[in-house]
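Peer 1: Dropping a prediction and its sequence here:
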Amino acid sequence: MDPKRLSDSLSVSPQLSLDDIHSAAALGYKAIINNRPDGEQLEQPTSAEISAAAKAAGLGYRHIPVVPGEMSDDDIDNFADAIADLPTPILAFCRSGTRSVSLSSLAEAEKKTPDSLIRRAKEAGYDVAGLKPRLEARRHQADNADAVASRNGPAETFDVLIVGGGAGGIAVASSLRKRRASLSVAVIEPSDKHYYQAAFTLVGGGVFDPRKTVRDEARCIPKGVKWIRAAVADFEPKDNRVVLEDGERVGYRSLVVAPGLKLDWSAIEGLPETLGKNGVTSNYQPGLATYTWSLLQDIHRGPALFTQPPMPIKCAGAPQKIMYLACSYWEQEKRLKDIGVEFNNAGGVLFGVADFVPPLMKYIDRYDVALAFNANLVAVDGPAGKAWFDVTEDGETKRVEKPFAFLHVTPPQRAPDFIRDSELADDAGWLSVDQETLRSTFYPNIYGVGDVCSAPNAKTAAAVRKQSPVVVRNLIADFDGQSREAVYDGYGACPLTVERGRVILAEFGYGGKLQPSFPLNPTKPRWLYWLLKVKLLPTMYWDVLFRGREWGAKPPMRQREKAAEETEAKAKVSA
Ligand code: FAD
C-alpha cells in the first residue's frame with residue numbers, strides 16, 4: 001500500500017487489499033472511500049468485503065463507484081458529502097488512484113483554484129490537468145452562486161484584515177493601532193491560546209516556567225481590533241476578500257497574511273503515534289517541552305539523538321540549542337559520558353552562518369557530540385527505540401537504522417496547505433513576497449509577515465520584530481498615496497543556548513551578513529546574552545512587540561521603487 005497525501009484530511013491510493021484496510025487503520029486513517037465499481041477485475045475484493053473489513057478495523061466506509069470517463073456531477077457531490085461526513089483522515093482508492101484524485105479535485109473546485117488543485121495532484125504523483133475546463137466551470141458556478149447569496153458583498157469589510165493572530169499578526173495589529181487608530185482592523189485567528197515559542201527551548205532545558213509561555217489569545221488582541229475566531233480556507237484577491245472555513249467571506253482594503261508555517265509531523269513514518277511517549281519528544285510541539293525536561297532528568301544511558309530536517313524551518317538553531325542545554329545538564333550531573341549524543345542533520349553544515357560555526361564546534365567537542373550530516377530522519381518506532389535516517393554520501397542515499405533511548409525530533413516544515421494551494425504562493429508553496437517591502441509579488445494591497453513568507457531570512461520572532469514596522473509603514477503609505485516605502489534588511493536572531501548560563505547571540509540579515517545589536521564580538525558565548533534570553537526577551541515579546549512599541553526596529557525608508565509601482569499599475573489594469 002502506498003497512500004499519497006492530498007491534504008491533512010485526505011489521501012489516495014491504488015486498489016487496496018483486505019489486509020491493507022487493517023494497515024490503513026494502523027496508519028491512523030479513520031475512513032475508506034472506494035471509487036471502484038465491483039467486478040472491474042477478477043481478483044478485486046467486493047465492496048461488501050471491504051465494508052466488512054473497514055467495520056472490523058473500526059473505520060468509516062463509503063462506496064462511490066465511478067466508471068472511468070463517466071464521472072457525473074452526482075458522483076462529485078456524493079464524494080464531497082463523504083469528505084464532509086466521514087471522520088478524517090480518509091483514504092480513498094480506485095484502480096490506480098486517479099479517479100479518487102479527480103473526484104476530490106472536482107469536489108473541492110468550489111473553494112480552490114484549478115491551478116492549485118492540479119499542482120496538488122501533481123505533487124501526489126497524479127496528472128489531472130485534463131480536468132482544468134471542468135474545474136474552472138465548477139469554480140465559476142460556485143462564484144455565481146456566491147454572488148447571488150452575497151449580493152451586498154462580504155458580511156464585513158475592514159481597512160486592514162490580518163490572517164493569523166500569532167507573533168506577526170499581533171505585532172502588526174498593535175503597531176497599526178499605535179500609528180493609525182482610525183483604521184478598522186480585524187485579526188482572523190482560530191486558536192484561543194498564543195504561545196511564546198522562543199521559550200520552548202528553555203522549558204525543555206529546565207530553566208523556564210512553562211506557564212509563562214502561554215497567554216489567552218483574547219489578552220493578546222489589541223484593544224480596538226476585532227478578533228474573528230475562525231480559520232481562513234482560501235483567498236479571493238481579485239475581490240479583496242478571504243473565505244473562511246464555513247464559507248463566509250470577509251473583505252478588506254489591505255490584507256496582511258501571517259499564519260506561520262505547518263509542522264509536518266506525519267511526513268515521518270511512525271512519529272505521530274509515538275510523539276510524547278517512549279522517549280520521543282519535540283520542543284516544537286506546544287506542551288511537549290515539559291516532557292523533554294522530564295526525559296533529560298530521567299535518562300542515564302543513551303544513545304540520545306537530536307534531529308534537524310531540511311531547511312527552511314523556524315528558528316534554525318532550535319534543533320541544536322536543546323542539545324547543548326541537555327549536554328550541559330548531563331555534564332553537570334556527571335552523566336554525559338554514559339549517554340552518548342548524536343546530532344543528525346539533514347543539511348551539510350552545523351549552522352548556516354559560517355562565523356558561528358567555530359565557536360559552536362568548541363561545544364560539539366566539549367560535549368563529545370557525534371555529528372551526522374546529510375542524515376534525514378524518515379521513520380521512528382518508539383516502542384522498539386529505533387529511528388531510520390536517509391543518509392546521503394557521495395550522491396548515494398542509504399537507509400540507516402539507529403537505536404535510541406532519547407529522541408528529540410525537529411519536524412519537517414512547510415507552508416500551510418491553504419497558502420500552498422492559493423494563488424498567492426510561490427513555486428515552493430510559500431507566500432510570495434518582495435523580500436524588502438514584504439508586499440505580495442502578485443497583489444499590491446497584500447503583505448506578508450513572519451514564517452509564511454518566501455523571503456530568505458531566518459524564520460524567527462526576532463525577524464517579525466523588524467518586519468512588522470515595515471509592513472505597517474508600507475500599508476499606511478499605500479492608503480495615503482505616499483511615494484516613500486520602508487525596507488526590511490532580512491534581520492533575524494538566534495540566541496544559541498550553548499550551555500546553562502551562556503548564549504552566543506547570532507544576529508544576521510540577508511546573505512548571512514552579521515548585524516550585532518551590541519558593540520561586542522558576536523561569536524563569543526556570554527552570560528549577558530543568557531540574561532537577555534531568559535529575562536529580557538520574554539518581556540520584550542509580550543510588552544514591547546505585542547504592544548506595538550517599535551523600539552530599535554525603525555526601518556530604513558527609500559523612494560518607492562518603480563517596479564512596485566508598475567506591479568501595482570498592472571494589477572489595477574487587470575482588475
Ligand atoms: P506564529 O507565531 O506561529 O503564528 C501563526 C498564527 O496563525 C497561529 O496563531 C495560528 O493559529 C494562526 N493560523 C494558522 N492557520 C490559520 C488559518 N488558516 N487562518 C487563520 N489563522 C491561522 N524565534 C526567535 O526569535 N528566537 C528564538 O529563540 C526562537 N526559538 C524557537 C524555538 C522553537 C522550539 C520554536 C517552535 C520557535 C522558535 N522561534 C524563535 C520562532 C518563532 O516562534 C516564530 O518564528 C514566530 O512565532 C513566527 O511568527 P508567525 O506570526 O509567523 O507565526
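Peer 2: That came through, no problem.
Peer 1: Alongside the ligand, which residues does the chain contribute?
Peer 2: 163-169, 188-191, 197-198, 200-201, 231-232, 258-260, 283-284, 314-315, 318, 416, 418, 450-452, 459-462, 464, 493, 495 (CB under 6 Å from any ligand atom). Backbone N, C-alpha and C define where each C-beta goes, glycine included.
Peer 1: Now intersect these with the strands, please.
Peer 2: With strands defined by DSSP state E, the entries of the residues of the chain next to the ligand inside them are 163, 188, 232, 493, 495.
Peer 1: By neighbour count, which of these wins?
Peer 2: Across those, the neighbour count under other CB atoms under 10 Å reaches its highest value at residue 163, namely 29 neighbours.
Peer 1: How about the contacts made by that residue?
Peer 2: Going by CB atoms under 8 Å, 6 or more residues apart in numbering, residue 163 touches 169, 188, 232, 242, 255-259.
Peer 1: mind redoing it with 6 Å?
Peer 2: Taking CB atoms under 6 Å, 6 or more residues apart in numbering as the definition of contact, the neighbours of residue 163 are 188, 232, 257, 259.
Peer 1: Need the max-distance pair from those residues.
Peer 2: Spatially, the most separated pair among those is 188 and 257, at 10.3 Å (CB to CB).
Peer 1: ok so, going back, considering the ones in strands among the residues of the chain next to the ligand, which is situated nearest to the ligand?
Peer 2: Comparing those against the ligand with CB to the nearest ligand atom picks out residue 232 as the nearest, at 3.9 Å.
Peer 1: Tell me if I'm right that the closest one and residue 242 touch.
Peer 2: Yes: with contact defined as CB atoms under 6 Å, residue 232 counts as touching residue 242 (4.9 Å).
Peer 1: Kindly reformat the ones in strands among the residues of the chain next to the ligand as CSV containing pLDDT.
Peer 2: As requested, these are exported to CSV (pLDDT from 0 to 100):
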residue, pLDDT
163, 98
188, 98
232, 96
493, 97
495, 97
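Peer 1: Same question for stretch 223-236: list its buried residues.
Peer 2: Within stretch 223-236, the residues that qualify as buried by neighbour count (16 or more other CB atoms under 10 Å) are 225, 227-228, 231-236.
Peer 1: how much distance is there from it to the middle of the chain?
Peer 2: 18 Å (CA atoms, centre = their mean, to the nearest Å).
Peer 1: burial measure for residue 437, as a count.
Peer 2: Based on other CB under 10 Å, the number of other residues close to residue 437 is 24.
Peer 1: do the same with residue 166
Peer 2: When neighbours are counted by other CB under 10 Å, residue 166 registers 24.
Peer 1: now it: how far from residue 315?
Peer 2: Using CB to CB, to the nearest Å, one obtains 14 Å as the distance from residue 166 to residue 315.
Peer 1: Can you name the residue of the stretch 201-350 of the chain nearest to the ligand?
Peer 2: With CB to the nearest ligand atom as the measure, the residue in the stretch 201-350 of the chain that lies nearest the ligand is residue 260; the distance is 2.9 Å.
Peer 1: check contacts around residue 426.
Peer 2: 432, 454.
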